[in-house]
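Engineer: Provide a 3D model corresponding to the input given below.
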Amino acid sequence: MNDSGKPRTASPRRTEDGTAAPPGRRAVAVALMTAMALTALDSTVVATAVPQIVADLGGFSYFSWLFSGYLLAGTVSLPVYGKLSDTLGRKPVLLSGITLFLAGSALCAGSWNMAALIVFRIVQGFGGGAIQSTVQTLAADLYPLEERPRIQAAISSVWAGSAVLGPAVGGLITTWADWRLVFLLNIPLGVVCLVLLTRRLHESPRKPAAERPRIDWAGALTLFLTGCALLTAVVQGGHAWPWLSAPSLALLGAGAALLAATVMIERRAADPVLPGWVWRRRTIASANLAMAALGVLTIAPTVFLPTYAQTVLGLDPLRAGFVLAVMSVAWPVSAAFSQHVYRRIGFRQSAMTGMAAACAVLLAFPALSGARNAWYPALISLALGAALGITQLPLIVGVQSTVPPSERGTATASLLFCRQLGSSVGAAVFGALANAILTSRLRDTSSGLPSTGGAPLDSLSSPVASPSAAGPLRDAVATAVDWVYVGAAAAAALAVAALFLAPRRFPLLD
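Structural biologist: Next up is the predicted model:
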């Protein structure tokens, strides 16, 4: 099928690179979705187990690294895994990633203190990075273009289901069993994935080892260290330490120096781990920028909407979670429908339409916030999920279809890396924005607020000491979240502008 929607003839018995035959393809698809569910569920399930973990192991001041460490490891390793899957094959990289994830899970279950648990969560994150990158690439290898939306929508559904079911599963485990079971449950599911993939996934032979270019380990190491330094500065700045403190400045300086070293190494490498064509090709570069903006804007509802629902609207945690969950339900449904959109108007126009709609929906949030009824944030979440579903899938499927299989892992990993990087930057920027607004608005009523010694956002989980401060607190939170949504709308507008850099019709190879 070309970008205008006209189907091309394709063999019903084989993919374009001979990855798998249809009889085994369904089993492989089940294994891929199960593997993705492991990584998707992990963060949401662990979040509900944090009180029990802290009560058992201590280390409350460091528990945020259970999530930051996992996110950092998975994000910075994405480009490396993408290149390795192009060079060594998808199967060995995916099997190694699942094995590493399961080893990390077993080690997490045996943790004896918070420091050990954080280290083992980082091990899990490295395995999760391999799973995320390779699953998305294999989905493109296994299915021809006209069938690709179906499998990618199914993978999106896994993420949505995990967002909805994860807190409930975590709550049941921590209520009726020990928190260590949260990690142990990964092992039987992971073993099933390993067995299915080992027996059913068959790749066409790669070049002999002697004929392959040497793996750019130096570039991989410097890229990894660059990501660690910069993302740690972004994730922890303004929370663990002030933005202009010595740790932030040291990390940012080290990141800048490492970035310069990475560029020099990659320019000289015969087969760089992050090749320049990722940014020289207009289609991929514009899609990467749009995915980064998508990562930024999704932080607005994910991080701030539950706080808004509880503090401003007075909803209990369950109903506040539902307000956000409707976005996770609408997203995969819209993604499955998006194939009908991009077959008519093309990948670029479909993504631009979705982003423009997302921009309008995000701007509607502050416009309607005066109502302060539960229906309107839920309706906006529903509309936002629908808009983003039309945006993300065309970008992933479109870019994967513009490169040969030998470059598909690198191209896919670049998209996922940019989305994750955007989420990290968005969390830092919007957190700083919200804290600044809350500080300004609550300056005169601070005596009635709980004192945590941290940023204003950190105090919102504690009860308000003075009833007279409750009203100003609600107003301040409403104003802060309104401006966060305006910032998210600006990110959506930038994504639309970035997509103008892409050709109107993607240059498809399959």
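Engineer: Let me know how buried the closest residue to residue 378 other than its chain neighbours is, in neighbour terms.
Structural biologist: Distance criterion CB to CB, 6 or more residues apart in numbering; nearest residue to residue 378, sequence neighbours excluded, is residue 323 at 4.8 Å. Placement of C-beta: from N, CA and C, glycine included. Neighbours of residue 323 under the rule other CB atoms under 10 Å: 25.
Engineer: Could you look up the SS state of residue 323?
Structural biologist: Classification of residue 323 using DSSP: H, G, I helix; E, B strand; the rest coil returns helix.
Engineer: Do you know the pLDDT at it?
Structural biologist: What the model reports for residue 323 is a pLDDT of 78.
Engineer: Let me know whether it touches residue 305 as I believe.
Structural biologist: Yes: with contact defined as CB atoms under 8 Å, residue 323 counts as touching residue 305 (6.2 Å).
Engineer: what do those two both touch?
Structural biologist: Shared contacts of residue 323 and residue 305 (CB atoms under 8 Å, 6 or more residues apart in numbering): 377, 381.
Engineer: Do you know the pLDDT at residue 369?
Structural biologist: Looking at residue 369, its pLDDT stands at 68.
Engineer: What segments of the stretch 401-510 of the chain are helices?
Structural biologist: Here the stretch 401-510 of the chain has its helices, by DSSP state H, counting those that start in this stretch, at 405-441, 467-499.
Engineer: Quick check: which of those is buried the most?
Structural biologist: Greatest average neighbour count among the helices of the stretch 401-510 of the chain goes to helix 405-441 (a mean of 22), per mean count of other CB atoms under 10 Å.
Engineer: so residue 115 sits right up against residue 57, yeah?
Structural biologist: No: the pair residue 115 / residue 57 is not scored as a contact, 9.0 Å apart, by CB under 8 Å.
Engineer: So which of those two has more stuff around it?
Structural biologist: Ranked by neighbour count (other CB under 10 Å), residue 115 and residue 57 place residue 57 first, with 18 against 13.
Engineer: now the helices of the stretch 401-510 of the chain in CSV, with distance to residue 35 and mean pLDDT?
Structural biologist: Formatted as CSV, the helices of the stretch 401-510 of the chain follow (distance: least, CB to CB, whole Å; pLDDT from 0 to 100):
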stretch, distance to residue 35, mean pLDDT
helix 405-441, 15, 86
helix 467-499, 29, 85
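Engineer: out of these, which comes closest to residue 196?
Structural biologist: Of all the helices of the stretch 401-510 of the chain, helix 405-441 sits nearest to residue 196, with 20.5 Å by CB to CB.
Engineer: Of all the residues in the strand or helix carrying residue 385, which ones are buried?
Structural biologist: Assessed by DSSP states H and E, residue 385 sits inside helix 375-400. Neighbour-count burial for helix 375-400, counted by 16 or more other CB atoms under 10 Å, picks out 376-400.
Engineer: how far does the helix or strand hosting residue 286 sit from the chain's center?
Structural biologist: Using DSSP H and E, residue 286 sits in helix 282-299. Centroid separation between helix 282-299 and its chain, computed with CA atoms, centre = their mean, to the nearest Å, is 12 Å.
Engineer: Stretch 429-439 too?
Structural biologist: Here the centre of stretch 429-439 is set off from its chain's centre by 22 Å, with CA atoms, centre = their mean.
Engineer: Equivalent analysis for stretch 354-368, please.
Structural biologist: In terms of CA atoms, centre = their mean, the centre of stretch 354-368 is set 21 Å apart from its chain centre.
Engineer: which parts of the helix or strand where residue 230 lies are buried?
Structural biologist: Remark: residue 230 resides in helix 217-236, with elements defined by DSSP H and E. Residues 218-236 are the ones in helix 217-236 that count as buried (16+ other CB under 10 Å).
Engineer: next helix or strand past the lowest-mean-pLDDT helix or strand in the chain?
Structural biologist: Ranking every helix and strand in the chain by mean pLDDT, DSSP states H and E puts helix 148-176 at the bottom, with a mean of 74. Counting by DSSP H and E, the element after helix 148-176 in chain order, helix or strand, is helix 181-184.
Engineer: hmm, who's touching the helix or strand just after that next one?
Structural biologist: In the C-terminal direction, the helix or strand that comes right after helix 181-184 (DSSP H and E) is helix 186-200. Contacts to helix 186-200, defined as CB under 8 Å, 6+ apart, come from residues 20, 24, 27-28, 30-31, 34-35, 37-38, 42, 91, 94-95, 98-99, 101-102, 105-106.
Engineer: Go again with 7 Å.
Structural biologist: 24, 27-28, 30-31, 34-35, 38, 91, 94-95, 98, 101-102, 105-106 (CB atoms under 7 Å, 6 or more residues apart in numbering).
Engineer: who wins for neighbours among the residues you listed?
Structural biologist: Highest count within these by other CB under 10 Å belongs to residue 35, 31 neighbours.
Engineer: host element of that one?
Structural biologist: helix 22-57.
Engineer: Next SSE downstream of that helix?
Structural biologist: Next element after helix 22-57 (DSSP H and E): helix 65-88.
Engineer: packing partners for that following helix?
Structural biologist: With contacts defined as 3 or more CB pairs under 7 Å, 6 or more residues apart in numbering; DSSP states H and E, the packing partners of helix 65-88 are helix 22-57, helix 90-109, helix 114-142, helix 217-236, helix 405-441.
Engineer: how far is that helix from where the chain is centred?
Structural biologist: That offset, for helix 65-88, works out to 12 Å (CA atoms, centre = their mean).
Engineer: and it with helix 90-109, angle?
Structural biologist: 160 degrees (axes from the mean of the first three to the mean of the last three CA atoms, to 10 degrees).
Engineer: Okay, angle between helix 65-88 and helix 217-236 too, please.
Structural biologist: 150 degrees.
Engineer: quick one: buried residues of stretch 44-55?
Structural biologist: By 16+ other CB under 10 Å, the buried positions in stretch 44-55 come out as 44-46, 48-50, 52-54.
Engineer: Likewise for stretch 51-70?
Structural biologist: 52-54, 57, 59, 62-63, 65-70.
Engineer: Any stretches of this structure with poor pLDDT?
Structural biologist: Applying pLDDT under 70 to the chain flags the ranges 1-24, 160, 163-164, 167-168, 205-213, 317-318, 369-372, 443-470, 510.
Engineer: At the geometric centre of it, which residue do we find?
Structural biologist: residue 420 (4.8 Å; CA atoms, centre = their mean).
Engineer: Now do the same contact list for that one.
Structural biologist: 75, 78, 295.
Engineer: Run through the residues that contact the first one.
Structural biologist: Okay, so that is residue 75. Here residue 75 is in contact with 227, 231, 417, 420-421, 424 (criterion: CB under 7 Å, 6+ apart).
Engineer: so which of these comes closest to residue 145?
Structural biologist: Using CB to CB, residue 417 comes nearest to residue 145 of those, at 23.3 Å.
Engineer: Contact partners for the closest one?
Structural biologist: By CB under 7 Å, 6+ apart, the neighbours of residue 417 are 75, 78-79.
Engineer: how about these in JSON lines, adding distance to residue 241?
Structural biologist: Supplementary listing: the contacts of residue 417 in JSON lines, determined by distance: CB to CB, whole Å:
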{"residue": "75", "distance to residue 241": "20"}
{"residue": "78", "distance to residue 241": "26"}
{"residue": "79", "distance to residue 241": "28"}
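Engineer: Show me which of those is closest to residue 313.
Structural biologist: residue 75 (32.6 Å).
Engineer: Quick check: that closest one vs residue 418, distance?
Structural biologist: Computed as CB to CB, to the nearest Å, the residue 75 to residue 418 distance reads 10 Å.
Engineer: Same question for residue 428.
Structural biologist: For residue 428, the distance to residue 418 - CB to CB - is 16 Å.
Engineer: Could you do residue 343 as well?
Structural biologist: From residue 343 to residue 418 the distance is 25 Å (CB to CB).
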